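1. need a structure here:
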Amino acid sequence: MELINYILIFLLSCVAFYFSGEIIVKSFSRVAKFLGWKEFVVSFLLMAFIGSLPNLFVGISSALHNIPELSFGEVIGGSVINVTLAIALAALFSKNGIPAKSRTINTSLIFTSIAAVLPVLLIWDGILSRIDGIILISFFFFYIFWLFSKKDRFTKVCEDEQPIQKSFQGSLKSIIKIVFCLAIFAVASDIIVRSASFFAESFDIPVMIIGLFIVALGNCAPEIFFAISTARKGLEWMILGALMGAIVSHSTIVIGIVAMINPIVITDLSPFLIARIFLVIAISFFFFFVKTDHHISRREAVFLLFIYIFFIISEMLFS
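-> Prediction:
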């Protein structure tokens, strides 16, 4: 009976994350339009900051509960999901695939690839120390400095299919919604961490695998929703920038903050071997597709989707 209760509250918390993330995305977009921010700025901030909040709350909660490896597994699993499942679904829902001709996207691709594998390299000695956390956080701010260093990256004004009336009252309501959803994030993240710890003990599964396999998918809901939503609206050029921003922020500032609070110690990295292999494979093919054709086609999307499916199957068989 206790197991069923934990499963139910875990699923409810994931649902709360999804709908709260959706509300925050819409509310933040409304505030951004009111302030007159550019479309690229909106897409980047949505996923790099707002979209990272579930991961950050889970990370801080796991660090305070002395199981920071849960956050580590969740972030690495999320990176695999973002470069496979999220991009694949976005490309399949779009009419002509995802364009990647922008110089900003191509240079961001290098930052993204480094950021995704950097935590794996830093923890090679079995510990992600506070110094490693500083390195990760510093990399994030270096990327931010580069990204916002040129004004010509923000030439397209944020638009929508249905114009939104620019009113202070409407923006204030959106801010209140954001604050309310952040409170839900805080409560749901604590429940998810406690549930993950219970599942790990009940089924004798490393807590890092729980984060990698289950929590990551639940926390990637905002990115997946944003990717599909923008693809259906014909805003495909926003997708790669937003998802790459999410990967960079998750792999650097989120893990960095967790390591600063509570250093991540993993004495046995063998359960993590499959995730490391698939992360390298996913990043490599993603890099190859963007660099060769400057475009993610539906055929390539199906290939990325199969990588994610094989990742799930491999984790189930060999973990």
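2. I'd assumed L136 was in contact with G256.
-> Yes - at 3.5 Å, G256 counts as touching L136 under the criterion of Cβ atoms under 8 Å. Every C-beta, even on glycine, is put in place using the N, C-alpha and C of the backbone.
3. Relative to A100, how far out is N66?
-> Look at N66 and A100: by Cβ to Cβ, to the nearest Å, they are 41 Å apart.
4. State the three-state secondary structure for the most centrally placed residue in the chain.
-> The chain has A246 as the residue nearest its centroid, 4.6 Å off, counting by Cα atoms, centre = their mean. Put simply, A246 is helix when judged by DSSP: H, G, I helix; E, B strand; the rest coil.
5. Would you check how far apart it and S52 are?
-> 6 Å.
6. ditto for G170
-> Separation of G170 from S52 (Cβ to Cβ): 25 Å.
7. same thing with V280?
-> Per Cβ to Cβ, V280 is found 22 Å from S52.
8. These two: which has the busier surroundings?
-> Legend: neighbour count by other Cβ atoms under 10 Å for V280 and S52, higher for S52 (25 against 15).
9. my read: that one touches H250, true?
-> Yes - using Cβ under 8 Å, S52 is in contact with H250, at 5.8 Å.
10. quick one: whichever strand or helix holds Q169 to chain centroid distance?
-> According to DSSP states H and E, Q169 maps onto helix 168-203. Counting by Cα atoms, centre = their mean, to the nearest Å, helix 168-203 is centred 15 Å from the centre of its parent chain.
11. Which strands and helices lie in contact with that helix?
-> If you count contacts as 3 or more Cβ pairs under 8 Å, 6 or more residues apart in numbering; DSSP states H and E, helix 168-203 packs onto helix 2-35, helix 53-64, helix 69-81, helix 207-210.
12. Quick one: work out the angle between that helix and helix 69-81.
-> Helix 168-203 runs at 110 degrees relative to helix 69-81, counting by axes from the mean of the first three to the mean of the last three Cα atoms, to 10 degrees.
13. Please confirm that R299 is located within a helix.
-> Yes - according to three-state DSSP, R299 belongs to a helix.
14. That one: how many residues sit nearby?
-> The burial count assigned to R299 is 10, neighbours taken as other Cβ under 10 Å.
15. what does the one 10 residues further on give?
-> Other residues near I309 come to 13 when the count uses other Cβ under 10 Å.
16. how close does it sit to N5?
-> 31 Å.
17. cool, and F318?
-> Using Cβ to Cβ, F318 is found at 30 Å from N5.
18. do the same with E22
-> With distances taken as Cβ to Cβ, E22 is found 26 Å from N5.
19. between those two, which one's more packed in?
-> Neighbour count, other Cβ under 10 Å: between E22 and N5, E22 has more, with 16 against 11.
20. Chain neighbours aside, what residue packs nearest to the more buried one?
-> In this structure, E22 finds its nearest non-sequential neighbour in F225, 5.8 Å apart by Cβ to Cβ, 6 or more residues apart in numbering.
21. Can you get me the centre-to-centre distance for the host helix or strand of that neighbour and its chain?
-> According to DSSP H and E, F225 maps onto helix 221-232. Centroid separation between helix 221-232 and its chain, computed with Cα atoms, centre = their mean, is 12 Å.
22. Stretch 120-132 too?
-> Put simply, stretch 120-132 sits 20 Å off its chain's centre (Cα atoms, centre = their mean).
23. Give me the mean pLDDT for that stretch.
-> Mean pLDDT, computed over stretch 120-132, is 90.
24. May I see the buried residues of that stretch?
-> V120, L122, I123, L128, S129, D132 (16 or more other Cβ atoms under 10 Å).
25. How about the contacts made by the closest residue to S314 other than its chain neighbours?
-> Closest residue in space to S314, ignoring its immediate chain neighbours: I274 at 5.0 Å, by Cβ to Cβ, 6+ apart. By Cβ atoms under 8 Å, 6 or more residues apart in numbering, I274 lies in contact with F311, S314, E315, F318, S319.
26. Show me where the stretch 201-319 of the chain has its strands.
-> Counting by DSSP state E, counting those that start in this stretch, the stretch 201-319 of the chain has strands at residues 264-265, 295-296.
27. In a markdown table: the ones you listed, plus distance to A188.
-> Shown next, in a markdown table, are these (distance: least, Cβ to Cβ, whole Å):
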| stretch | distance to A188 |
| --- | --- |
| strand 264-265 | 22 |
| strand 295-296 | 32 |
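28. any chance of these in JSON lines, with mean neighbour count, distance to V15 and mean pLDDT too?
-> JSON lines is the format used below for these (neighbours: other Cβ atoms under 10 Å; distance: least, Cβ to Cβ, whole Å; pLDDT from 0 to 100):
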{"stretch": "strand 264-265", "mean neighbour count": "20", "distance to V15": "28", "mean pLDDT": "87"}
{"stretch": "strand 295-296", "mean neighbour count": "20", "distance to V15": "29", "mean pLDDT": "84"}
